[in-house]
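Asker: Only the shape, not the letters, is given here:
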């Protein structure tokens, strides 16, 4: 069974997500939204033929999306995620979820209150090399970790 997904944002990272969603047997890409016409042109050339190419989140959700993947500019993440959650869809937001802790907490609280899934994409978080590095840090083999 696949999930009906809309991609919101088709810039540099969104184009990678477009390819991944289009190839996934677990996702049915129903829409790609971007405010820029040249990015919508890219989506038309690379998205499955059945996907609607639109300008707004609202149009993408109206295409029947049950979930959205957000790859918009970072300053827009919290507001777009909240709008999607309010519209009743699950959300995967590329990092960062928000630019402030308060905005991130608002997203988390609203998703929980409405029973929606809210996730943040973290590239390589589960990669074996990254997991080993975390284990080494936790075991104290790297000295005092100041930033990660």
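Answerer: That came through, no problem. Remember, predicted model here, so these are calculated numbers, not experimental data.
Asker: Tell me the first helix or strand C-terminal of the helix or strand containing residue 68.
Answerer: Using DSSP states H and E, the element containing residue 68 is strand 67-70. In the C-terminal direction, the helix or strand that comes right after strand 67-70 (DSSP H and E) is helix 77-86.
Asker: That next one: how far from the chain's middle?
Answerer: The offset between the C-alpha centroid of helix 77-86 and the centroid of the whole chain comes to 11 Å, using C-alpha atoms, centre = their mean, to the nearest Å.
Asker: And the contacts of the helix or strand hosting residue 106?
Answerer: Element membership for residue 106 (DSSP H and E) is helix 101-114. Judged by C-beta atoms under 8 Å, 6 or more residues apart in numbering, the contacts made with helix 101-114 from elsewhere in the structure are 78, 81-82, 85-86, 88, 91, 93, 96-98, 116-118. The C-beta positions use only the backbone N, C-alpha and C, and glycine is treated the same way.
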